[in-house]
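Need coordinates for the below:
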Amino acid sequence: MKAFFNQLFDYNFYCNKKLIETCNALDLVPEKSIELFSHLLNAHHIWNARIARRKAEYEVFQIHAVKDWGDIHYENQRSSFGVITNAQDFDLHIDYENSNEISVTNTLQDILFHIINHSTHHRGQIAIDFRKNNIEPIPLDYISYKKQ
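Alright, predicted model coming up:
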């Protein structure tokens, strides 16, 4: 299970890094893409905080400057890799309050998979937003990543 999650988070790291590099090179990043990627980063951070049973520093829809994305992304990934490395039981139940302040329980493996799936979903939305703004999206699907 550790190898599986390490591979998925390597993929996530690669994709987010590529997207950050692309946005840093643009003269103007579309506003919707900024909102979506900020949310992606915030959600990853919030899930890491829930796993660690600590208070999150970011709000779900907090906007971050493009120049700050790399640092937030790196810290999110570092934290998730630490969780994976130190996990003894991926079926461990994590209790937390969701964004509606309702008590919820999920397994560690479900939360880790959700982080990846959520990130992939929003990167797809960003690709659509790029096209709407005449920006060529970068290929970030998993199979393209594996071909490198």
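
so who does the residue nearest to N98 when sequence neighbours are not counted touch?
Nearest residue to N98, sequence neighbours excluded (Cβ to Cβ, 6 or more residues apart in numbering): V104, at 5.0 Å. To be clear about C-beta, it is placed using only N, CA and C from the backbone, and glycine gets the same treatment. For V104, the contacting residues are 95-98, by Cβ atoms under 8 Å, 6 or more residues apart in numbering.

same thing but 10 Å
Contacts for V104 (Cβ atoms under 10 Å, 6 or more residues apart in numbering) come out as 50, 94-98.

could those residues go into TSV alongside neighbour count, secondary structure and pLDDT?
Putting those into TSV (neighbours: other Cβ atoms under 10 Å; DSSP: H, G, I helix; E, B strand; the rest coil; pLDDT from 0 to 100) gives the following:
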residue	neighbour count	secondary structure	pLDDT
R50	19	helix	98
I94	16	strand	98
D95	10	strand	97
Y96	16	strand	96
E97	10	strand	93
N98	11	coil	91
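
closest to Y145 among those?
R50 (26.8 Å; Cβ to Cβ).

Next one: the closest one from N100, what distance?
From R50 across to N100, the span is 14 Å (Cβ to Cβ, to the nearest Å).

before we move on, what about Q62?
To N100, Q62 is 17 Å away according to Cβ to Cβ.

what does the average pLDDT come to for whatever helix or strand K18 lives in?
Per DSSP states H and E: K18 is located in helix 2-25. Regarding helix 2-25, the rounded mean pLDDT is 97.

residues contacting F90?
F90 neighbours (Cβ under 10 Å, 6+ apart): 1-2, 4-5, 84, 107-113.
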